[in-house]
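J.: The following block contains a protein sequence and its predicted model.
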Amino acid sequence: MVDILPFRGLRYNLEKLAAEGAGLNEVATPPYDVINDAQQDAFYAKHPANFVRVDLNKKSAQDNDTDTPYTRAAQLVEQWEAEQTLIPETQPAIYAYSQSWQENGATIERKGMIALLKLEEFETGKVLPHEHTLKGPKQDRIQLMRSTLCNLSQVFMIYSDPQRTLETLLYSPPNADGWARATDADGVVHQFKPVTDADILKQLQTLFKDKTLLIADGHHRYETGLAYQREVREQIQQQTGQAPPEGSLLSDYGMIFLTNMDDPGLKVYPTHRILYQWPQGWNQERFETELFKKYEVVSADETFSYRKPGTDALIKLRLKPEAKPTKLPPLLDTFDAALLEETVFKGILNTTGEALKHEHLLGFYRNEDEIEALWRDHKTVGGFFLAAPSVKLVHEICEGGNRMPQKSTYFYPKILSGLVLYPYRAFSENTTHALSQVVEAHPLANNTKTPVAGLI
């Protein structure tokens, strides 16, 4: 159902980094949206070509219309390519990418690959979203795309394959050669290498022809890619008077990371909701009066749990039958993040989780140490603790055409940024581009030898 392509990625020159006494550890970063100001400073100091300088360039008091974080990011990509800090892959590749970490004394490994996906609108049913998105992050990312003319990071997607074909093709038998390695702040070991074997690439492309993909993480990135694709197509149609053939633009494709939902290494964790302050007109007594009209206290986990300020105990809750929401479709009507949104944020506080976050009244947390610090420092008026949803449940909800509330899932670990870039333009050294040599594998319209405004 979907078209997966190898590509000639633009990536760090590991030989040059090694000559400087550096490696992938010094330049790769977590995703931009989990980096705080202190971490941004630390990544800046780590290496002059650290990827945070592109993905999350610092704002300056001197910023103006022609000098912004976006223009500086674009200048850095061009500079690093000219200096051969970033170099294009010599052959089309799909990139094997695995992550391993320790949990409860056991080593867990999640195996997957990075490739290009021919972008699909959600209406086709080929790519499924699982949660709603916010407007702000998409505006930021599309400005960065326009400026750098690059797809800088991957959308995390999952699919079902009980036979585990990808794992067999890319990871069996184990081969220690050719891997670049990095260890992140959480101790997760990331391993990454290009795979250029034509037979393996063909088998992987065939594997996904009948697959439906589910976005696990990176909804904003995917929707930004779709918006940029539409924007470029409209510009070219206005310039030429003709709609570009489908799949004929570099911007018709986006980078994704794919992992198998049937792989035991795929883990999903909950995201808890912590209230910093009560909305205007509310206090703890009034809120709890309304909460316990809808929920009763139980001894086992049934929905979300409630924690009061100044206490350690989680109050486990069960929705009373008469309070069951009528607007939620099947599966979502028993899903704790959806119940919290519908019965508490909307049903009691007459708002939404998104609005509470926008007003800086609510935060989304995964890290237990950070949560305990809020309670210890008396920076919360209460919190709601969710259970980890199963991957199967997430998939079933999305197959039914429904979306979960924002931040309903947390697929750990995050994928690193800076492993490989996908330019929407020719490489600086010549007129070839990321989909040069891929034409035979996927019939594309050769409108021009040199990509102009995204044309292949």
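T.: In hand now; what should we look at?

J.: ok, longest strand in this protein?
T.: Longest strand in the chain by number of residues (criterion: DSSP state E): strand 106-118.

J.: which neighbours does that one have in its sheet, and in what orientation?
T.: Paired neighbours of strand 106-118 in the sheet (DSSP bridges): strand 4-5 (antiparallel), strand 94-103 (antiparallel), strand 253-260 (antiparallel).

J.: Name the residues of the second one that are buried.
T.: Neighbour-count burial for strand 94-103, with 16 or more other CB atoms under 10 Å as criterion, is recorded at 94-101. C-beta coordinates here come from the backbone N, C-alpha and C atoms, glycine included.

J.: what helix or strand does Ala182 sit in?
T.: strand 180-183 (DSSP states H and E).

J.: Now that strand: buried residues?
T.: 180, 182.

J.: re earlier: show the average pLDDT along the longest strand of the chain.
T.: For strand 106-118, mean pLDDT is 96.

J.: cool, stretch 210-218 as well?
T.: In the prediction, stretch 210-218 has an average pLDDT of 93.

J.: How about stretch 152-161?
T.: Taken as a whole, stretch 152-161 carries a mean pLDDT of 96.

J.: do the same with stretch 66-80
T.: 96.

J.: List of residues touching it?
T.: Residues external to stretch 66-80 that are found in contact with it (CB atoms under 8 Å, 6 or more residues apart in numbering): 49, 53-60, 63, 86, 143-144, 146-150, 421, 428.

J.: Apply 6 Å and report the result again.
T.: 49, 53-54, 57, 59, 86, 143-144, 147-148 (CB atoms under 6 Å, 6 or more residues apart in numbering).

J.: just stretch 215-222 next, same as before
T.: By CB under 6 Å, 6+ apart, the surrounding residues in contact with stretch 215-222 are 129, 133, 137-138, 155-158, 411.

J.: got these as JSON lines, with distance to Ala82 and neighbour count columns?
T.: Output for the contacts of stretch 215-222, formatted as JSON lines (distance: CB to CB, whole Å; neighbours: other CB atoms under 10 Å):
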{"residue": "Pro129", "distance to Ala82": "38", "neighbour count": "16"}
{"residue": "Thr133", "distance to Ala82": "35", "neighbour count": "19"}
{"residue": "Pro137", "distance to Ala82": "30", "neighbour count": "16"}
{"residue": "Lys138", "distance to Ala82": "30", "neighbour count": "20"}
{"residue": "Val155", "distance to Ala82": "29", "neighbour count": "26"}
{"residue": "Phe156", "distance to Ala82": "31", "neighbour count": "22"}
{"residue": "Met157", "distance to Ala82": "33", "neighbour count": "24"}
{"residue": "Ile158", "distance to Ala82": "37", "neighbour count": "25"}
{"residue": "Phe411", "distance to Ala82": "36", "neighbour count": "19"}
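
J.: pretty sure Leu24 contacts Thr183?
T.: No. Using CB atoms under 6 Å, Leu24 and Thr183 do not qualify as a contacting pair, with a distance of 9.4 Å.

J.: Can you pull the poorly scored residue ranges out of this protein?
T.: Scanning the chain for pLDDT under 70 picks out 133-136, 439-456.

J.: try 50 this time
T.: Low-confidence regions of the chain, defined here as pLDDT under 50, cover residues 440-453.

J.: what residue lies at the spatial centre of it?
T.: Most central residue of the chain, judged by C-alpha distance to the mean C-alpha position with CA atoms, centre = their mean, is Gly218 at 2.7 Å.

J.: Check which residues of the longest helix along the chain are buried.
T.: Ranked by residue count and defined by DSSP state H, the top helix of the chain is helix 219-240. Neighbour-count burial for helix 219-240, with 16+ other CB under 10 Å as criterion, is recorded at 219-226, 228-229, 232-233, 236.

J.: next one: stretch 363-373
T.: 363, 365, 371.

J.: picking up where we left off before, so which of the contacts of stretch 66-80 are in helices?
T.: If you go by DSSP H, these have 53-54, 143-144, 147-148 in helices.

J.: could you redo those as JSON lines and give each row distance to Ala106 and neighbour count?
T.: Written out in JSON lines, the entries for these read as follows (distance: CB to CB, whole Å; neighbours: other CB under 10 Å):
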{"residue": "Arg53", "distance to Ala106": "37", "neighbour count": "22"}
{"residue": "Val54", "distance to Ala106": "36", "neighbour count": "27"}
{"residue": "Gln143", "distance to Ala106": "43", "neighbour count": "16"}
{"residue": "Leu144", "distance to Ala106": "38", "neighbour count": "21"}
{"residue": "Ser147", "distance to Ala106": "44", "neighbour count": "18"}
{"residue": "Thr148", "distance to Ala106": "40", "neighbour count": "23"}
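
J.: of all these, which two lie farthest apart?
T.: Maximum pairwise distance in those, criterion CB to CB, is 16.1 Å, between Arg53 and Gln143.

J.: quick one on the thing from earlier: helices - which of the buried residues of stretch 363-373 land there?
T.: Ile371.

J.: could I get the ones in helices among the contacts of stretch 66-80 as JSON lines with distance to Pro264?
T.: Supplementary listing: the ones in helices among the contacts of stretch 66-80 in JSON lines, determined by distance: CB to CB, whole Å:
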{"residue": "Arg53", "distance to Pro264": "37"}
{"residue": "Val54", "distance to Pro264": "34"}
{"residue": "Gln143", "distance to Pro264": "39"}
{"residue": "Leu144", "distance to Pro264": "35"}
{"residue": "Ser147", "distance to Pro264": "41"}
{"residue": "Thr148", "distance to Pro264": "37"}
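
J.: Closest one to Phe385 out of those, please.
T.: Closest approach between the ones in helices among the contacts of stretch 66-80 and Phe385, by CB to CB: Leu144, at 34.6 Å.

J.: mind listing what the closest one touches?
T.: With contact set as CB under 6 Å, 6+ apart, Leu144 has these partners: Tyr70.

J.: before we move on, back to that, Serialize the strands paired with strand 106-118 to a markdown table and add fields for distance to Ala28.
T.: Putting these into a markdown table (distance: least, CB to CB, whole Å) gives the following:
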| stretch | distance to Ala28 |
| --- | --- |
| strand 4-5 | 23 |
| strand 94-103 | 11 |
| strand 253-260 | 14 |
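
J.: Cheers, nothing more for now.
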